[in-house]
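Asks: pasting a predicted model and its sequence here:
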Amino acid sequence: MNMVDIIIKKRNGGKLSNEEIEWFVQAYTNGEIPDYQVSALLMAIYYQHLDDEETLTLTKAMQASGTTIDLSSIPGIKVDKHSTGGIGDKTTLIVAPLAAACGVPIAKMSGRGLGMTGGTIDKLSAIPGFETSVEPETFLENVRTHGIAVVGQSATLAKADKLMYALRDVTGTVEEPSLIASSIMSKKLASGSDAILLDVKCGSGAFMHDEEAAAELADKMVRIGKGAGKRTVAVITSMEQPLGCAVGNSCEVVEAIETLKGRGPADITELSLHLSAVMVLLGGKAATLEEARSMTETALKDGSGLVKLEELIKAQGGDPEILSDITKLPRPAKAIEVRSAKDGYVAAVDAALVGHAVQKAGAGRARKEDEIDPSAGAYLYHKTGDQVKKGDCLARLFGNDADKIRDGLNDLASAFRIEQTAPEKKPLIIDTIGLE
Ligand code: URA
């Protein structure tokens, strides 16, 4: 096979055969095709797209290009959850224990944050002693014993995706729906769960800025999942403003604990109950979504979700005392407040700007190798729709480095738009597809 022929075929709008896709993925993974040819193909795909069959073949070829996890020794229907990334999205820390408390085995591999969006592994790493890179045998044993394990993604999972994602990042070809869908789904399929729940974010703080684009991406991923024989559901949710009030690593762990104690912000609580209910349904523990929802509500109310989080923390070497004593978590030494310049209503809290502010304050990485400050973050005292008075504290930005906090302050202040009339209320959960 010849890479130039494949590039020209796609450039001219042709359909690539399964053999052509499988060949270039394998050859690129083996180092037999140079980056410049794969870059050219990615750009051709960016303009000419991939149809459903090509997207599924690309996904499976990337899935097969690295390590795959075999969860078949764990009884029950294993359900995975993935968020396309957002600001303040700590739902995995809540949803995974809630679903596990309802009997769904959770064997989850999560990523680190990059850019303005946080990653579950960075949040868990804020817990003193918590081990996110465990041996595969221990990972499986923890799921068997405790019904839950959350670890960092192995570097060799979907190896071709790792190589191609790095290339897309520097060639302006990230934002093509079939490339995003195949990239995410190749890792989900390689992770070995039986069913997959996708939380597709839409809004200023997400990859997909409008509902139409988010629905297209969600639809593609559901079709890939089903094409690969996995029950797959996608929930489209708003990322116009951050989720909850805490954005950062240590502070998001605190908010997740508060939510599992029944004292969390309404948006995080509602989304967590919905996502965990879908997981309970996918895991075959309930016959209907209503029944599943009532089970996750019970797991929240009776504290069994919190007990599962404690079990997870203990099993992976973390200090369970953080559940009752948050001073055991990394604490910031410095903080600056943002105050409202006028009376009015909060018309918007731009998620992307809050993400940038928190990243600059030290909570995120600009490059993969950057160190993060687990104590850094922001707390939002007001969110969209709140009435505020001039001088009210809207938010605090904190961390251990005063210069970094000052750097992020302007973004945090600009995130708030105050207007004279109350904004129209928009739904957090926009749609759930693939349930049928
Ligand atoms: N996340 C991924 O894993 N891949 C993409 O292409 C985009 C987001």
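Replies: Cool, the structure landed. Residues are numbered from 1 along each chain as shown.
Asks: how deep is residue 302 tucked in, by neighbour count?
Replies: Neighbourhood size, residue 302 [other CB atoms under 10 Å]: 12. Every residue, glycine included, has its C-beta placed from N, CA and C.
Asks: no no, residue 436
Replies: Neighbour tally, residue 436, other CB under 10 Å: 4.
Asks: show me what contacts it?
Replies: Going by CB atoms under 8 Å, 6 or more residues apart in numbering, residue 436 touches no other residue.
Asks: measure it to the ligand for me?
Replies: Per CB to the nearest ligand atom, to the nearest Å, residue 436 is found 26 Å from the ligand.
Asks: and if you look at residue 188?
Replies: Plainly put, residue 188 is 9 Å away from the ligand if you go by CB to the nearest ligand atom.
Asks: repeat for residue 289
Replies: 27 Å.
Asks: mind checking how far that residue is from residue 106?
Replies: Separation of residue 289 from residue 106 (CB to CB, to the nearest Å): 19 Å.
Asks: the two: which is more packed in?
Replies: More crowded of residue 289 and residue 106, by other CB under 10 Å: residue 106, with 26 against 16.
Asks: my read: the more buried one touches residue 142, true?
Replies: No. Assessed by CB atoms under 8 Å, residue 106 is found out of contact with residue 142, at 10.0 Å.
Asks: residues bridging contact with these two, i.e. touching both?
Replies: Listed as contacting both residue 106 and residue 142 by CB under 8 Å, 6+ apart are 148-149.
Asks: so where is the protein shaky, pLDDT-wise?
Replies: 114-116 (pLDDT under 70).
Asks: OK, now which residue of it is nearest to the ligand?
Replies: The nearest approach of the chain to the ligand comes at residue 183, 3.4 Å away (CB to the nearest ligand atom).
Asks: next up, the contacts around that residue.
Replies: Residue 183 is in contact with 62, 161, 164-165, 168, counting by CB under 8 Å, 6+ apart.
Asks: for the stretch 151-300 of the chain, what lies in contact range of the ligand?
Replies: By the rule CB under 6 Å from any ligand atom, the part of the stretch 151-300 of the chain lying against the ligand is 165, 174, 179-180, 183-184.
Asks: count of neighbours near residue 382?
Replies: 20.
Asks: can you tell me the SS state at residue 247?
Replies: Using DSSP: H, G, I helix; E, B strand; the rest coil, the structure places residue 247 in strand.
Asks: just give the closest residue to residue 427, not the sequence neighbours.
Replies: Nearest residue to residue 427, sequence neighbours excluded (CB to CB, 6 or more residues apart in numbering): residue 238, at 6.9 Å.
Asks: okay, now that neighbour: neighbour count?
Replies: By other CB under 10 Å, 23 other residues sit near residue 238.
Asks: can you pull out the strands in the stretch 1-150 of the chain?
Replies: Under the criterion DSSP state E, counting those that start in this stretch, the stretch 1-150 of the chain contains strands at 79-83, 106-110, 148-152.
Asks: next, the angle from the last one to strand 106-110.
Replies: Put plainly, it is strand 148-152. Counting by axes from the mean of the first three to the mean of the last three CA atoms, to 10 degrees, strand 148-152 points 10 degrees away from the direction of strand 106-110.
Asks: any idea which helix or strand comes after strand 148-152?
Replies: Per DSSP states H and E, the first helix or strand lying C-terminal to strand 148-152 is helix 159-169.
Asks: buried ones in that next one?
Replies: 159-165, 167-168 (16 or more other CB atoms under 10 Å).
Asks: could you pull out the strands for the stretch 201-350 of the chain?
Replies: For the stretch 201-350 of the chain, the strands defined by DSSP E, counting those that start in this stretch cover 231-238, 246-248, 334-339, 344-349.
Asks: now the shortest one, how far from the centre of its chain.
Replies: Centroid separation for strand 246-248 versus its chain: 14 Å, with CA atoms, centre = their mean, to the nearest Å.
Asks: equivalent analysis for the first one, please.
Replies: On the basis of CA atoms, centre = their mean, strand 231-238 sits 12 Å off its chain's mean C-alpha point.
Asks: which other helices and strands contact that strand?
Replies: Under the contact criterion of 3 or more CB pairs under 8 Å, 6 or more residues apart in numbering; DSSP states H and E, strand 231-238 touches strand 195-202, helix 211-227, helix 266-282, strand 429-433.
Asks: who's in contact with the closest residue to residue 117 other than its chain neighbours?
Replies: Of all residues not flanking residue 117 in the chain, residue 85 sits nearest, at 3.9 Å (CB to CB, 6+ apart). Neighbouring residues of residue 85 by CB under 8 Å, 6+ apart: 117, 201, 206-207.
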